[in-house]
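Participant: Predicted coordinates and the sequence they were generated for:
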Amino acid sequence: MKLANFNISLDPRIKIISSFFFIFLVTTSTPTLLSFFSFLSIEISLIFINKIPFSVILKRITVIFPFVILVGIFLPFFSDKGEPIVIMGLVLDSWGLQRLIDICMKASLSVISLTILLETTAFPDIVKGLELLKVPQLMIIIISFIYRYFTIILKEGKRMKIARDVRSTGGPFSWQLKTMGNILGQLFIRSFERSEHIYHAMIVRGYSGTIQTMTTFHISVKDILFFIGVCIVLCTVRVIT
Amino acid sequence: MHRQGDHMMVDISHLYYTYPDGSPALIDVTITIENNCNVALIGQNGSGKTTVLLNMLGVLKGKGKICILGETDFKKIRENVGMVFQNPDDQLFMPTVFDDVAFGPLNISLDDVENRVQNALHSVGLTGFEKRSSSHLSFGEKKRVAMATVLSMDPELLILDEPTSSLDPGGRRELIKMLEELALPKIIATHDLKLAARICDRVLLFHRGRIVLEGTPQEILSHPKTLRTYGL
């Protein structure tokens, strides 16, 4: 077994369960620097073993971080549960600041965990894994359709934007906002029409409410050993920290 | 499996269909097609070609009699008729090519699905594409996979909506060659008059929801003035 594809060769179900178990432990643990660095060191080991470029991890964290900041940014300003502290002339609440740091630490650990899962598992395998783990089929269909059609709709949006740009030379911000609104409205209508076409294509091939697929995953001894190892390491870290 | 008997392959009489906004899409359409006949439906955009095809499979429900391969039950018709849509992105919605091609056979509980998928992919020249995602295929390849998704259901009749649209000349040639080699009766809605002449035995010309001309490709296509009158 090559180290480079250590995770890749595992059963997707084991990887999904392990990732979510990791996230569960991270989000429910007492936030301390020791626990953060312990969980982070496990993730860094997996990143090295699977030879995942750090740039990919950083890219994912960058995408998700604005939302994380949005969730916690007001805590240091509006909370009054802790002592007031002054940083760069701003009066912040120590408890709120601590919570913001906790949210950032937990979010980054969770994002890294999901990135490792996504980088070592083909998306169709994740979908099939979720299906075998008895995730409701409606959710599976929504996830797989978003994966399949997101890029297509994005490309359609880009084409519409180009079509607008070649016929306009700027204009006031309010006008640009209005045309962008029109583009989004058109995109919604087109997506709706497309979903109707897809549904037609489904029913002419016998679809009657349930999507059936052939699954070929088998849990091997290696998968079981990996999962036991993950549980032992994560529980140990959790107990110690 | 259904067996072709004495009945007509397609028997549609007095079919009317009105769009939800109230505009008529099909007006008194009557089509009779004999077994093993390749038929082209031609006409300008919005003339009703695709609407007829969707009515034949019960996707749209108009008023009138529809009997395909001796069946009037749309569930049974869909088991025996394969339809390839104009835009392959509408037809390929599963995560992998294998899943897409296996979708139909699994839904109608056919046996030996794995072999069916392999054979269908082989017949469109895409052996080895099973694990690929449809998102990462070229348009021509998507068209072929879309074809494989219905061939895997072992249909008795193939319905194709604009099979050569948006294909480059090479892709178009390959697709026409593939259609010629397929020993299945076909109903093709198309603007591609050369395709109709090459593959089909009969041509129906649609105009504003009605059939205005009917005949062999030679009869229809030898009247360019008439074709121009009807927007072709």
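Facilitator: Now that the structure is in, tell me what you want to look at. Numbering: from 1, shown residues only, chains lettered A, B, ... in the order given.
Participant: neighbours of the nearest residue to B:S123 once chain neighbours are set aside, just the number please.
Facilitator: In space, B:S123 comes closest to B:L151 once its chain neighbours are excluded; the distance is 5.8 Å by CB to CB, 6 or more residues apart in numbering or on different chains. (Each C-beta comes from the backbone N, C-alpha and C, glycine too.) Residues within reach of B:L151, counting by other CB atoms under 10 Å in any protein chain shown, total 25.
Participant: so what's B:L151 up against?
Facilitator: B:82, B:119-120, B:123-124, B:182 (CB atoms under 8 Å, 6 or more residues apart in numbering or on different chains).
Participant: Out of the residues you listed, which two sit at the greatest distance?
Facilitator: Across these, no pair lies farther apart than B:G82 and B:N119, at 13.9 Å, counting by CB to CB.
Participant: where does chain B come near chain A, residue by residue?
Facilitator: Chain B comes close to chain A at residues B:54, B:57, B:59, B:78-79, B:81, B:83, B:85, B:87, B:89-96, B:98-99, B:102-104, B:106-108, B:113-114, B:131, B:133-135, B:149-150, B:153, as judged by CB under 8 Å from any CB of the partner chain.
Participant: Can you tell me which of these end up in strands?
Facilitator: B:81, B:83 (DSSP state E).
Participant: if we can go back for a sec, quick check: the residue nearest to B:S123 vs B:Q118, distance?
Facilitator: 11 Å (CB to CB, to the nearest Å).
Participant: How about A:A201?
Facilitator: 22 Å.
Participant: repeat for B:L157
Facilitator: 23 Å.
Participant: So for these two, which residue has more residues nearby?
Facilitator: For B:L157 versus B:Q118, neighbours defined as other CB under 10 Å are more numerous around B:L157 (24 against 17).
Participant: all helices of chain B, in order?
Facilitator: Here chain B has its helices, by DSSP state H, at B:49-56, B:74-80, B:88-91, B:97-107, B:113-123, B:139-151, B:169-181, B:193-199, B:217-221, B:224-229.
Participant: Could you export those helices as a markdown table, including mean pLDDT?
Facilitator: A markdown table is the format used below for the helices of chain B (pLDDT from 0 to 100):
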| stretch | mean pLDDT |
| --- | --- |
| helix B:49-56 | 95 |
| helix B:74-80 | 92 |
| helix B:88-91 | 90 |
| helix B:97-107 | 92 |
| helix B:113-123 | 94 |
| helix B:139-151 | 93 |
| helix B:169-181 | 91 |
| helix B:193-199 | 92 |
| helix B:217-221 | 90 |
| helix B:224-229 | 87 |
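Participant: Tell me which of those lies nearest to A:I240.
Facilitator: Among the helices of chain B, helix B:97-107 sits nearest to A:I240 (CB to CB), with 43.9 Å.
Participant: Just name the closest of the contacts of B:L151 to chain A, please.
Facilitator: Set against chain A, the nearest of the contacts of B:L151 by CB to the nearest CB is B:G82 (8.0 Å).
Participant: OK, contacts around the closest one?
Facilitator: B:104, B:150-151, B:153, B:155, B:157-159.
Participant: what's the nearest residue to it if we skip its chain neighbours?
Facilitator: B:V150 (2.8 Å).
Participant: Correct me if wrong: that neighbour contacts B:F103.
Facilitator: No: with contact defined as CB atoms under 8 Å, B:V150 does not count as touching B:F103 (10.1 Å).
Participant: Now A:I64: which helix or strand?
Facilitator: Using DSSP states H and E, the element containing A:I64 is helix A:54-72.
Participant: Give the next helix or strand downstream of that helix.
Facilitator: Counting by DSSP H and E, what follows helix A:54-72 is helix A:75-78.
Participant: What helices and strands are in contact with that next one?
Facilitator: When contacts are defined as 3 or more CB pairs under 8 Å, 6 or more residues apart in numbering or on different chains; DSSP states H and E, helix A:75-78 packs onto strand A:90-93, helix A:94-120.
Participant: Compute the number of surrounding residues for A:E193.
Facilitator: 11.
Participant: quick check, the helix or strand where it lies touching chain B?
Facilitator: Element membership for A:E193 (DSSP H and E) is helix A:173-203. Yes: using CB under 8 Å from any CB, helix A:173-203 reaches chain B at A:194, A:197-198, A:200-203.
Participant: again with stretch A:112-126
Facilitator: Yes: for stretch A:112-126 and chain B, the contact criterion (CB under 8 Å from any CB) is met by A:122-124.
Participant: Of those residues, which is the most crowded?
Facilitator: In these, the most neighbours by other CB under 10 Å go to A:P124, 22 neighbours.
Participant: Spatially, which residue comes closest to residue 107, not counting chain neighbours?
Facilitator: Going with chain A. A:V68 (4.2 Å).
Participant: look at chain B instead
Facilitator: Nearest to B:N107 is A:G206, by CB to CB, 6+ apart, at 3.3 Å.
Participant: Give me the phi and psi angles of the one you found.
Facilitator: Here is the backbone geometry of A:G206 (degrees, to the nearest 10): phi 90, psi 10.
Participant: I figured it hits B:I108, correct?
Facilitator: Yes: at 4.3 Å, A:G206 and B:I108 qualify as touching, with contact defined as CB under 8 Å.
Participant: Overlap in contacts, those two.
Facilitator: B:78-79, B:153.
Participant: low pLDDT regions in chain A?
Facilitator: Along chain A, the model assigns pLDDT under 70 to residues A:1-8, A:215.
Participant: In the record's domain split, what are the boundaries for it?
Facilitator: A:12-121+A:218-240, A:136-203 (automatic domain parsing).
Participant: Measure how buried the closest residue in space to A:S79 that isn't next to it in sequence is and give me the count.
Facilitator: Ranked by CB to CB, 6+ apart and with sequence neighbours excluded, the top spatial neighbour of A:S79 is A:G96, at 3.3 Å. By other CB under 10 Å, 21 other residues sit near A:G96.
Participant: list the contacts for A:G96?
Facilitator: A:G96 sits in contact with A:75-79, A:81-82, where contact means CB under 8 Å, 6+ apart.
Participant: Endpoint to endpoint, stretch B:182-191 covers what distance?
Facilitator: 21 Å (CA to CA, to the nearest Å).
Participant: Now do the buried residues in that stretch.
Facilitator: B:182, B:185-191 (16 or more other CB atoms under 10 Å in any protein chain shown).
Participant: One more: stretch B:125-135?
Facilitator: In stretch B:125-135, counting by 16+ other CB under 10 Å, buried: B:126, B:129-130, B:132-135.
Participant: Test my guess that A:S220 contacts A:S9.
Facilitator: No: counting by CB under 8 Å, A:S220 sits too far from A:S9 to count as a contact (9.3 Å).
Participant: Tell me the buried residues in stretch A:135-145?
Facilitator: A:140-141, A:143-144.
Participant: So which of those sit within helices?
Facilitator: A:140-141, A:143-144.
Participant: from these, which are also near chain B?
Facilitator: Near chain B, by the rule CB under 8 Å from any CB, you find A:S144 out of those.
Participant: Please consider this matter closed, and thank you.
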